[in-house]
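>>> Quick one: sequence and predicted model below, then my questions.
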Amino acid sequence: MGDPRRRVPATDDVLGAAPVAAAASRLGRDLVKRAVHDAQRRARAGEIEPEQVLAATLEALPESASGIRPVLNATGVVLHTNLGRAPLSQAAIDAVREAAGTTNVELDLTTGARGKRGESALAALLEAVPGAEAAHVVNNGAAALALAATALARDREIVLARGELVEIGDGFRIPELLTSTGARLREVGATNRVHRADYLDAVGPETGFVLKVHPSNFVISGFTSSVPVAELSGLDVPLVVDIGSGLLRPHPALPGEPDAATTLAAGADLVIASGDKLLGGPQAGIVLGRAELVRRLARHPLARALRVGKLTLAALEATLRGPDTPVENALRRDRASLLGRAEKIAAALNEAGVDAHVQHSSATVGGGGAPGVELASAAVRLPRLFAERLRAGHPPVLARLERGHCLLDLAALDPEHDEVLVRAVREAAL
């Protein structure tokens, strides 16, 4: 018998095969070529037969040219930071697809001249929050706060309560973010209590603005006091309020969560919010408020470095004008409907020989929003070993480990994904 390595097909022959050529047109020739070379290496090493090179190549190819993969969120955390926070609505996804080509993002189609960047998205924001005189959008909430500090308080003071010196995630902290802009912090009050008099004593000629930050990812309880926005609005300096989670209007499921409309009506000069949290849109930092202050931010040189692209603008506008978002749908789900879905999923899994049970569960908002608020939910309980197997599946499923079990919480999962979830669990059981 001859050396089997002589039977390993040539690279061009594999690349020329119809399914591989189709994959190359979708994924790029270089990526596919690397998969071919890896399959050839395995054949020469005796790991697979030479005749299996084509199949091994196709099996190794990813579904897309990006390493970012869709993951089913069965954690019970509606806005899971590690999963990209808010899933976009179909309207926003369609808008991104439309905007992916050449667009009128800075073109006035009537005159043919340069237009205002993202004008329709900004108009949609002002329609959603009529109390705002103007709006501006940057690439995330921290960027919006940094821009406000740079434009309004560089070489000046920002007055801020000590209890609001929060860490916003991944080790980044509000004090360090603010001082990196050249502003100085003037801390007032104690960790648990602050009074209006503390702000009055601190405000002076060196004050750039008073900042109020919603402690969106923790709760301080007990012997506490804070100063509401309405009591800080008459201090003769701009009042900037970072509400964090991105509610534009009050929400019945989250009565304690601040929103942009109410905060502006209470007297805030600028409100800063995130686009990819409770708003349910793309990652963005939203600035709403007095026209003169918004213009100072928008015309500052740093604004150019922080501006968003056409895909973000398209997704944001579609989120604002389109139907309810997946986040909104998740917040409105009731336990009875979730239990009904869980029972159907568990029954299908039991038929397949999987030890599955239904139980009540408590979900959370996540993403730094509504700390302490529990959402009534339902889950399918599986043996613990399924958690790791499901993460390695296609598609991956991220579950929650609780009391030694793997829980598939349905709060953040759209009903259209229930059948996909059942298939994923069945495959993980094999």
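Here it is on my side, so go on. Everything quoted here is computed from the prediction, not taken from an experiment.
>>> all strands of the stretch 201-350 of the chain, in order?
For the stretch 201-350 of the chain, the strands defined by DSSP state E, counting those that start in this stretch occupy 207-213, 239-244, 270-274, 285-289.
>>> Indicate each strand paired with the second one and its parallel or antiparallel sense.
Strand pairing for strand 239-244, using DSSP bridges, gives strand 207-213 (parallel), strand 270-274 (parallel).
>>> Please export the alpha-carbon coordinates of the longest one; PDB is fine.
Pointing back at strand 207-213 there. The C-alpha coordinates for strand 207-213 follow below in PDB (Å, rounded to 0.1, in the frame of the first residue of the first chain):
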ATOM      1  CA  THR A 207     -18.200  75.000  40.300                       C
ATOM      2  CA  GLY A 208     -18.700  73.700  36.800                       C
ATOM      3  CA  PHE A 209     -21.900  71.800  37.600                       C
ATOM      4  CA  VAL A 210     -23.600  69.700  40.300                       C
ATOM      5  CA  LEU A 211     -23.700  66.000  39.400                       C
ATOM      6  CA  LYS A 212     -26.300  63.500  40.700                       C
ATOM      7  CA  VAL A 213     -25.600  59.900  39.800                       C
END
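>>> how close does the residue lying closest to residue 93 once chain neighbours are set aside sit to residue 366?
Computed as CB to CB, 6 or more residues apart in numbering, the closest residue to residue 93 that is not its neighbour in sequence is residue 315, at 7.8 Å. C-beta: built from backbone N, CA, C; applies to glycine. Distance, residue 315 to residue 366, by CB to CB, to the nearest Å: 20 Å.
>>> who has more neighbours, those two?
Between residue 315 and residue 366, residue 315 has the larger neighbour count (other CB atoms under 10 Å), namely 28 against 23.
>>> Now do that one against residue 175, distance only.
32 Å.
>>> Quick one: distance of the helix or strand where residue 59 lies to the chain centre.
According to DSSP states H and E, residue 59 maps onto helix 53-60. Between the centre of helix 53-60 and the centre of its chain there are 35 Å (CA atoms, centre = their mean, to the nearest Å).
>>> what does it contact?
Helix 53-60 is contacted by residues 8-9, 14, 17, 19-20, 23, 32, 35-36, 38-40, 42-43, 48 when judged by CB atoms under 8 Å, 6 or more residues apart in numbering.
>>> swap the cut-off to 7 Å and go again
Helix 53-60 is contacted by residues 8-9, 14, 17, 19-20, 35-36, 38-40, 42-43, 48 when judged by CB atoms under 7 Å, 6 or more residues apart in numbering.
>>> so of those residues, which ones are in helices?
Among these, the members falling in helices (DSSP state H) are 14, 19, 20, 35, 36, 38, 39, 40, 42, 43.
>>> Give me the buried subset of those.
14, 20, 35, 36, 39, 40, 42, 43 (16 or more other CB atoms under 10 Å).
>>> correct me, but the residue nearest to residue 93 touches residue 279?
No - using CB atoms under 7 Å, residue 315 is not in contact with residue 279, being 10.9 Å away.
>>> what about the residue lying closest to residue 192 once chain neighbours are set aside, how many residues close to it?
The shortest distance from residue 192 to any non-neighbouring residue, by CB to CB, 6+ apart, is to residue 224 (4.8 Å). Residues lying near residue 224 (other CB under 10 Å) number 13.
>>> Residue 224 and residue 189, how far apart?
10 Å.
>>> For residue 242, give its distance to residue 414.
The value you get for residue 242 to residue 414, if CB to CB is used, is 30 Å.
>>> Next: residue 230.
In terms of CB to CB, residue 230 sits 39 Å off from residue 414.
>>> who has more neighbours, these two?
Using other CB under 10 Å, the more surrounded residue of residue 230 and residue 414 is residue 414, with 15 against 12.
>>> Run through the residues that contact residue 105.
For residue 105, the contacting residues are 117, 118, 310, 313, by CB under 7 Å, 6+ apart.
>>> Likewise for residue 203?
By CB under 7 Å, 6+ apart, the contact list for residue 203 reads 159, 210, 235, 237.
>>> Equivalent analysis for residue 357, please.
Residue 357 touches 346, 381, counting by CB under 7 Å, 6+ apart.
>>> Tell me the buried residues in the lengthiest strand in the chain?
Of all segments of type strand in the chain, defined using DSSP state E, the longest is strand 369-383. Buried residues in strand 369-383, counted by 16+ other CB under 10 Å: 369, 370, 371, 373, 375, 377, 378, 379, 380, 381, 382.
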